[in-house]
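>>> compute the structure for the input listed below.
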Amino acid sequence: MRMPMTDEGEWLPLLLAWLSPSYPVGAYSYSHGLEWAVEQGEVLSRDDLGDYVGAVLEIGGGWSDLVLAAAAWRAVVAGRRDELAAAAELALALRPTSEFALESLQQGMAFAATTSAAWPDGAYAAVRGDHPEGLAYAIAVGAACATRTPLRAMLVALAHSIAANLVSAGVRLIPLGQTDGQRALAALHPKIAVVVARAISSTIEDAGSSAVAIDLFSMRHETQYTRLFRS
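Below is the predicted model of the structure:
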């Protein structure tokens, strides 16, 4: 297995493309329970939105995704297919609600298909072949980046992508102005740095969520009468 690219000019454009809001994985259609939280008056301001997204990253599904992406990256670099399989299985099992499972699997399948078509790679094709049932988003990203980008850069880009997608949802739902949305995202940058540092030194056993309120928001969103988002 070849090692990740070391030339920033080679791997940075990949990360900018793969984790861009314009990458066709459908991220814009998911709010990760935020739509119900806004409906119930739990998230009503820029500060509320920052707290919500921060919780996702620190103790929720975002944290799990960073740990799982790191585990997938390490497994592919080391050529340990059993470890990748274990991470992929855990990634699907850790979703506490049907909408979170849909959010992860649908985006993972879309990411894997698009990346394979636009940036064909034999190693990634083998990974997809080992998992015909599909890959969770974090695993699909981690495996794709393993031979092409450094670990830390991948985690920073993934954490920022998660935060940016949720802030964008909040701008539409609360609603907030675009400038307030960017203020919320800017305020999250120090938290992203801390969470990424934790994720770099994590092991697969560190994956998991304790954001119970967000899980409950997701469960209630499944039967919300009027919805803009799929989660």
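>>> nearest residue to H131 in space, please, no chain neighbours.
Taking CB to CB, 6 or more residues apart in numbering as the measure, H131 lies nearest to A88, with 5.7 Å between them; neighbours along the chain are not counted. No exception for glycine: its C-beta is placed from N, CA and C like everyone else's.
>>> the one you found sits in which helix or strand?
Secondary-structure element containing A88, defined by DSSP states H and E: helix 81-93.
>>> the nearest residue to P96 once chain neighbours are set aside and G61: what is the separation?
Residue nearest to P96 in three dimensions, not counting chain neighbours: D215, with 4.7 Å by CB to CB, 6+ apart. Look at D215 and G61: by CB to CB, to the nearest Å, they are 9 Å apart.
>>> likewise for V167?
Distance check for V167 against G61: by CB to CB, it reads 15 Å.
>>> and for Q106?
If you measure Q106 against G61 using CB to CB, the figure is 14 Å.
>>> more neighbours: which of those two?
The neighbour count for Q106 versus G61, taken as other CB atoms under 10 Å, is higher for G61 (28 against 19).
>>> L66: what's it in contact with?
The neighbours of L66, taking CB atoms under 8 Å, 6 or more residues apart in numbering as the test, are 57, 138, 155, 158-159, 195-196, 199, 202.
>>> let's have these in TSV, adding neighbour count, pLDDT and distance to A117.
Listed next are those as TSV, based on neighbours: other CB atoms under 10 Å; pLDDT from 0 to 100; distance: CB to CB, whole Å:
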residue	neighbour count	pLDDT	distance to A117
L57	26	98	30
A138	31	98	20
L155	28	98	25
L158	26	98	21
A159	25	98	26
V195	23	98	31
V196	22	98	29
A199	28	98	28
S202	17	95	31
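>>> let me know the closest of these to V76.
Of all those, the one with the least separation from V76 (CB to CB) is A138, at 13.0 Å.
>>> could you say which helix or strand holds the closest one?
Element membership for A138, per DSSP H and E: helix 137-145.
>>> which helices and strands sit right next to that helix?
Using 3 or more CB pairs under 8 Å, 6 or more residues apart in numbering; DSSP states H and E as the contact definition, the elements that helix 137-145 packs against are helix 8-18, helix 61-78, helix 81-93, helix 98-118, helix 122-130, helix 151-173.
>>> can you mark which positions in stretch 116-136 are buried?
In terms of neighbour count (16 or more other CB atoms under 10 Å), stretch 116-136 has its buried residues at 116, 124, 127-128, 131, 134-136.
>>> can you lay out these as TSV showing distance to R46 and pLDDT?
Compiled in TSV, the buried residues of stretch 116-136 are given as follows (distance: CB to CB, whole Å; pLDDT from 0 to 100):
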residue	distance to R46	pLDDT
S116	38	92
Y124	39	86
V127	39	86
R128	40	86
H131	39	88
G134	36	90
L135	34	95
A136	30	97
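>>> save the residues you listed as JSON lines, and put in distance to L66 too.
Conversion of the buried residues of stretch 116-136 to JSON lines gives the following (distance: CB to CB, whole Å):
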{"residue": "S116", "distance to L66": "23"}
{"residue": "Y124", "distance to L66": "20"}
{"residue": "V127", "distance to L66": "19"}
{"residue": "R128", "distance to L66": "22"}
{"residue": "H131", "distance to L66": "20"}
{"residue": "G134", "distance to L66": "20"}
{"residue": "L135", "distance to L66": "16"}
{"residue": "A136", "distance to L66": "13"}
